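[1] Need coordinates for the below:
(chains A, B, C, D, E and F)
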There are 6 protein chains.
Amino acid sequence: MITDQRFSRFGETPEAELPSDIKDIYDQNNGKIGFVPNVFRAYSRRPEHFRAFMHYHDVLMRGPSGLSRAEREAIVVAVSSENRCQYCMTAHGAALRVIGKDPILAEQIANNWRTADLSPRLRQILTFASRVNEPAFAATDEEIDALRVAGFSDEDIWDIAAVAAFFGLSNRMAGLMDMRPNPEFYVMGRPQG
Amino acid sequence: MITDQRFSRFGETPEAELPSDIKDIYDQNNGKIGFVPNVFRAYSRRPEHFRAFMHYHDVLMRGPSGLSRAEREAIVVAVSSENRCQYCMTAHGAALRVIGKDPILAEQIANNWRTADLSPRLRQILTFASRVNEPAFAATDEEIDALRVAGFSDEDIWDIAAVAAFFGLSNRMAGLMDMRPNPEFYVMGRPQG
Amino acid sequence: MITDQRFSRFGETPEAELPSDIKDIYDQNNGKIGFVPNVFRAYSRRPEHFRAFMHYHDVLMRGPSGLSRAEREAIVVAVSSENRCQYCMTAHGAALRVIGKDPILAEQIANNWRTADLSPRLRQILTFASRVNEPAFAATDEEIDALRVAGFSDEDIWDIAAVAAFFGLSNRMAGLMDMRPNPEFYVMGRPQG
Amino acid sequence: MITDQRFSRFGETPEAELPSDIKDIYDQNNGKIGFVPNVFRAYSRRPEHFRAFMHYHDVLMRGPSGLSRAEREAIVVAVSSENRCQYCMTAHGAALRVIGKDPILAEQIANNWRTADLSPRLRQILTFASRVNEPAFAATDEEIDALRVAGFSDEDIWDIAAVAAFFGLSNRMAGLMDMRPNPEFYVMGRPQG
Amino acid sequence: MITDQRFSRFGETPEAELPSDIKDIYDQNNGKIGFVPNVFRAYSRRPEHFRAFMHYHDVLMRGPSGLSRAEREAIVVAVSSENRCQYCMTAHGAALRVIGKDPILAEQIANNWRTADLSPRLRQILTFASRVNEPAFAATDEEIDALRVAGFSDEDIWDIAAVAAFFGLSNRMAGLMDMRPNPEFYVMGRPQG
Amino acid sequence: MITDQRFSRFGETPEAELPSDIKDIYDQNNGKIGFVPNVFRAYSRRPEHFRAFMHYHDVLMRGPSGLSRAEREAIVVAVSSENRCQYCMTAHGAALRVIGKDPILAEQIANNWRTADLSPRLRQILTFASRVNEPAFAATDEEIDALRVAGFSDEDIWDIAAVAAFFGLSNRMAGLMDMRPNPEFYVMGRPQG
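    Take a look at the predicted model:
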């Protein structure tokens, strides 16, 4: 039971004082998954930051892309695992289990994507995402060309990198705030025993 | 579904050819948890190695100790996570969920023990276990004295280190064999949604 | 002479085809500094990404904050130097020289913020920004409390982290695209010999 | 002169109180090399641990294997040098000088196996042993296949890994106990000047 | 303005007390560039060290070599940047701008030689210099042969390594003394805006 | 037996063609220790480099200093061990055994100075030497002050750093040349069994 613990170091804006656009997002989450993920509550402290962060997130994770939503969530989980982000591993681990419909693979990726049972395509995606996650990342022409030869468009390559880079940011903001996963995330999409 | 995949790079001794003492261990596992963990099948290739490895394991994990069994499993999960061991994170993650009776805490430790909601005692245990896991570990008198002051006996300190060091070995053997977790481990002891 | 070289691996949207809001930003830059920074040209390939990235950038770098604009640029230069980002070190090095009005200090920060002649306040800011830039960053209560004691508000601490984290993203996108600095940046705000 | 110093942080079981099987091992060592290596004295504090550790050691180092005893000691020295283990570098450096009958090569391996004058076979062995010693080791199919092509059986590959992994454990236990080499080890098997 | 700050932690020998050979070097610098680089003032504290250090420096940087003086300065800047040396990045950054006659390239190398617009020959030189700068550097026959095939003589290879290694020493001495660049270095050889 | 092997990748100047000052140094070595250390033979390829390197070496290792010659050799061995330099660990390991008159301590320092049985003074010296050996070393005022409080003069501190930094250079030149120790070094100053 962790419900009494702080969900974020810096607290939140009380729901009664939320701007209506953010309140709408709370309502949508309550309607759809039954709770408000703590990342929204944590970001509610700074509405302008909330909006900018979430809009960029939605462009990357929900916008048009040659990458499936499950592939994008796999990038998030792999990068968040490399960065040891407690919140993102749990919340996006749950998302990957639900969206990817392969909870065992989701857990393998959270443990170590390198030894997970990946398809060749997903291995190429996560290999490049992990490169992007390196501190002094600068792509070589050779690795970009190899991705093109493997069938990835320039937009696909951009999307792999952008998702990986965005969650490098997100992992650090969660680390700043000591953001804690909602208890619900631990059980979402689990394989049935 | 991963049932058709290899469970270990080097195969196993067919059950019909197993020495009786190893066959007994298979039977005990089938009786108790309903399946034979793949680590036994993998080690069955070398019965003398099986016996030596498992005996040392049992002395450390089941023998008398000032550390509870849950504390010992927490060390295993924390070290295996630092070493990114796919098999041990999954199999001992399951064991920690079952024995520790706090599946959320177990998952937090698997993600990142540093940001898990640990008791002060378990934080001290895992901090020292992580030190042992460093490649050039050599304990200083200061850190040993701090553990003694905190109430750990010399035997407790030894046990923390021995469990951490043994699973450094175990993680590497799993990495050698590309050992895969049994599917059952993914669901054991999960919190009920 | 680098004018003939590519400014970004993936090219740009021709100016004639730019959406009007992005064209306006080009015009503003041409009016104000006499050229369009290559980051805009590079991002013009994906207008939705352009808008989301630039909006978040502007919230962080131009929005209300307890950090001065020079302090925020110093964070950008320090983080981009740790990440060895060719584009950001040059473009934001120029910005820091202009805004901070101390071009020698700007160059010292680009070289190595740890040995730069920093004020105590700027040293605290960059020390925390560098922590945020670590791959597995998770702030401790102790370091947050130390910043509070030193006079930083929770919003200030958030802003240090958010600027550092955002440019970790930005550095990686520049590394993805092999983004090259405009030649003009090399001379902006230089001390007069 | 280091004889008055502690040989291990946690002391030993007085010889008069030793279980007879451990006393027998002391006697064998006194008979064969004239002294009891300090690792035995250190482990005598915990007889069950002594037996489990030493049995596994003997299976690996003295049991049947496609690797010669000198090759196995070379693995121990190379891994212990990478891990900077004071006790094992000295005690097993001595063993390698004696068993390998090439004291200069033994010292080169203790210094840096990468620049030692190794046979191609021993270079392959130590290259793989060093891989096993990496914290997140997981063997790739490619490197296993390369070892097979070079003539190593699966059992040989297992033995390289098991010896390397076991001494990762042993190095850490020596680091825990601040185990000190017996003075005799420094002179055993030295080349004659 | 940094003129009032210490130029080196350990001070200097007053000019009136300088040995005449060192005084001559001061005079030559004043005549040629209008000031005495702080490295001379810092080393003046120990005249024997001054002479030995500067003589070795001059053999490497001004002696006969198959490497041009600009190539040698490029090595200095690249290595000093990897080592984050505040003094050498600034003083030799200036030298490279002046001697190499390409101030933009000089700044790119100071930022990150890997993503600088290097000629193939200079890329080979800096790649090997960076290898030499690694803590446990030991050249392989393969990399030496590759340099020979690319047209470098053994003396050229030696010179790349010697310049890189010497400035590893120099960077550390500057780090010891907290050596500060003369303000003049920041403006020497800058491109005209 | 390694006598037939190359002693250095780039060969040597034949003795008959050596400049007389270098020939004198060969003669002195033959007279004093009975052989010419391979570092001299290797450097003979470039007489100007030979002279500059050896002169700086002699200023540091034989010149007046508050550090004893044994303390200086201990720095060389500790740094060369951190850098895994095959030649320097062996040649200077021998020198430290002879000059320091404590061959066991010399071997402990070669293995791992951190766990060697050092006097408090030598521990302070090697701790600072190891700091200097870090790639981005920049001494803090705090660590310099702590050395002063412990009784080290500014010249002593300079000498610790200069010896450590010089052997960083020397280790890399040995790595460049694949310099091999003379067989004699392996037996010099060994404890008698």
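[2] hey, where'd the helices end up in chain A?
    Assigned by DSSP state H, the helices in chain A fall at A:20-33, A:38-43, A:47-62, A:69-82, A:86-100, A:103-112, A:120-132, A:141-149, A:154-177.
[3] wait, which of these is closest to chain D?
    Among the helices of chain A, helix A:103-112 comes nearest to chain D, with 7.4 Å by C-beta to the nearest C-beta. Yep, even glycine has a C-beta here, placed from its N, CA and C like the rest.
[4] Residue of chain A nearest chain E, please.
    Closest point on chain A to chain E, by C-beta to the nearest C-beta, is A:Ala138, at 5.0 Å.
[5] Kindly state the pLDDT recorded for that residue?
    A:Ala138 carries a pLDDT value of 98.
[6] show me the contacts for the closest residue to it other than its chain neighbours.
    Once flanking residues are discounted, A:Ala138 sits nearest to C:Gly175: 4.0 Å by C-beta to C-beta, 6 or more residues apart in numbering or on different chains. Contact partners of C:Gly175, counting by C-beta atoms under 8 Å, 6 or more residues apart in numbering or on different chains, are A:132, A:136-139, C:85, E:115.
[7] on that earlier part again, ramachandran coordinates for the residue of chain A closest to chain E?
    phi -150, psi 120 (degrees, to the nearest 10).
[8] That one contacts E:Thr115, doesn't it?
    Yes. A:Ala138 is in contact with E:Thr115 according to C-beta atoms under 8 Å; the separation is 5.0 Å.
[9] Can you check which residues contact both of those two?
    With C-beta under 8 Å, 6+ apart, A:Ala138 and E:Thr115 have common neighbours C:84, C:86, C:175, C:178.
[10] out of those, who's nearest B:Lys101?
    Distance to B:Lys101, by C-beta to C-beta, is smallest for C:Gly175 among those, at 45.9 Å.
[11] Give me the distance between the closest one and C:Phe167.
    12 Å (C-beta to C-beta, to the nearest Å).
[12] and if you look at A:Arg45?
    Counting by C-beta to C-beta - A:Arg45 and C:Phe167 are separated by 21 Å.
[13] Give me the more crowded residue out of those two.
    More neighbours surround C:Phe167 than the other of A:Arg45 and C:Phe167, with 30 against 17 (other C-beta atoms under 10 Å in any protein chain shown).
[14] Contact partners for the residue most central in space within chain A?
    Centroid check for chain A by C-alpha atoms, centre = their mean gives A:Val76 as the closest residue, at 4.1 Å. Applying C-beta under 8 Å, 6+ apart, we find A:Val76 in contact with A:61, A:88, A:92, A:95-96, A:163, A:167.
[15] Adding distance to chain D as columns, could you present these in TSV?
    As requested, those are arranged in TSV below (distance: C-beta to the nearest C-beta, whole Å):
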residue	distance to chain D
A:Met61	28
A:Cys88	20
A:His92	22
A:Ala95	25
A:Leu96	21
A:Val163	23
A:Phe167	21
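[16] buried subset of these?
    A:61, A:88, A:92, A:95-96, A:163, A:167 (16 or more other C-beta atoms under 10 Å in any protein chain shown).
[17] from those residues, which is closest to C:Ala52?
    Of the buried ones among the contacts of A:Val76, the one sitting nearest to C:Ala52 (C-beta to C-beta) turns out to be A:Met61, at 11.4 Å.
[18] For A:Gln192, report the pLDDT, please.
    63.
[19] Which positions in chain A make contact with chain E?
    Chain A has residues A:136, A:138 near chain E, with proximity defined as C-beta under 8 Å from any C-beta of the partner chain.
[20] mind running it again at 7 Å?
    Counting by C-beta under 7 Å from any C-beta of the partner chain, chain A comes close to chain E at A:Ala138.
[21] Check what pLDDT A:Thr3 gets.
    For A:Thr3, the model assigns a pLDDT of 44.
[22] cool, A:Lys32 as well?
    At A:Lys32, the pLDDT recorded in the model is 96.
[23] Next: A:Arg45.
    pLDDT for A:Arg45: 97.
[24] so who does it touch?
    Contacts of A:Arg45 were listed using C-beta atoms under 7 Å, 6 or more residues apart in numbering or on different chains, and they are A:10-13.
[25] before we move on, what about A:Ile22?
    A:44, A:47, A:50.
[26] Please report the distance of it from A:Phe185.
    From A:Ile22 to A:Phe185 the distance is 21 Å (C-beta to C-beta).
[27] Residue numbers of chain A in contact with chain B?
    Going by C-beta under 7 Å from any C-beta, the residues of chain A near chain B are A:2, A:5, A:84, A:86, A:89-90, A:104, A:107-108, A:111-112, A:115, A:117, A:183, A:186-187, A:190-193.
[28] Most neighbours among the contacts of C:Gly175, which one?
    Highest neighbour count within the contacts of C:Gly175, by other C-beta under 10 Å: C:Cys85, with 31 neighbours.
[29] Backbone dihedrals for that one, please?
    According to degrees, to the nearest 10, C:Cys85 has phi -80, psi 110.
[30] So it sits against C:Asn171, correct?
    Yes. Taking C-beta atoms under 7 Å as the definition, C:Cys85 is a contact partner of C:Asn171 at 3.8 Å.
[31] Grab the nearest non-local neighbour of A:Ala162.
    A:Leu60 (5.5 Å).
[32] neighbours around the one you found, how many?
    Around A:Leu60 there are 23 residues (other C-beta under 10 Å).
[33] can you tell me which residues contact it?
    Each residue near A:Leu60 by C-beta under 7 Å, 6+ apart is listed here: A:162-163, A:166.
[34] Leaving out chain neighbours, which residue sits closest to the closest residue to chain D within chain A?
    Using C-beta to the nearest C-beta, A:Thr115 is the residue of chain A that sits closest to chain D, at 5.0 Å. Nearest residue to A:Thr115 in three dimensions, chain neighbours excluded: B:Gln86, at 4.3 Å (C-beta to C-beta, 6+ apart).
[35] Next one: the one you found, what pLDDT does it get?
    98.
[36] what stretches of chain A score poorly on pLDDT?
    In the predicted model of chain A, residues A:1-5, A:192-193 satisfy pLDDT under 70.
[37] Apply 80 and report the result again.
    In the predicted model of chain A, residues A:1-5, A:191-193 satisfy pLDDT under 80.
[38] Show me what from it comes close to chain D.
    So far as C-beta under 7 Å from any C-beta goes, chain A lies against chain D at A:114-115.
[39] so what's A:Ala174 up against?
    A:85, A:87-88.
[40] Might you report the residue contacts of the nearest residue in space to A:Leu122 that is not next to it in sequence?
    Of all residues not flanking A:Leu122 in the chain, A:Ala74 sits nearest, at 6.1 Å (C-beta to C-beta, 6+ apart). For A:Ala74, the contact set (C-beta under 7 Å, 6+ apart) comprises A:96, A:100, A:109, A:122, A:126.
[41] 10 Å instead?
    Going by C-beta atoms under 10 Å, 6 or more residues apart in numbering or on different chains, A:Ala74 touches A:67-68, A:92, A:96, A:99-100, A:102, A:105-106, A:109-110, A:113, A:116, A:118, A:122, A:125-126, A:129, A:163.
[42] Buried subset of these, written for PyMOL?
    The following PyMOL line selects those of the contacts of A:Ala74 that are buried, judged by 16+ other C-beta under 10 Å:
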select buried, chain A and resi 67+92+96+99+100+102+105+106+109+110+113+116+118+122+125+126+129+163
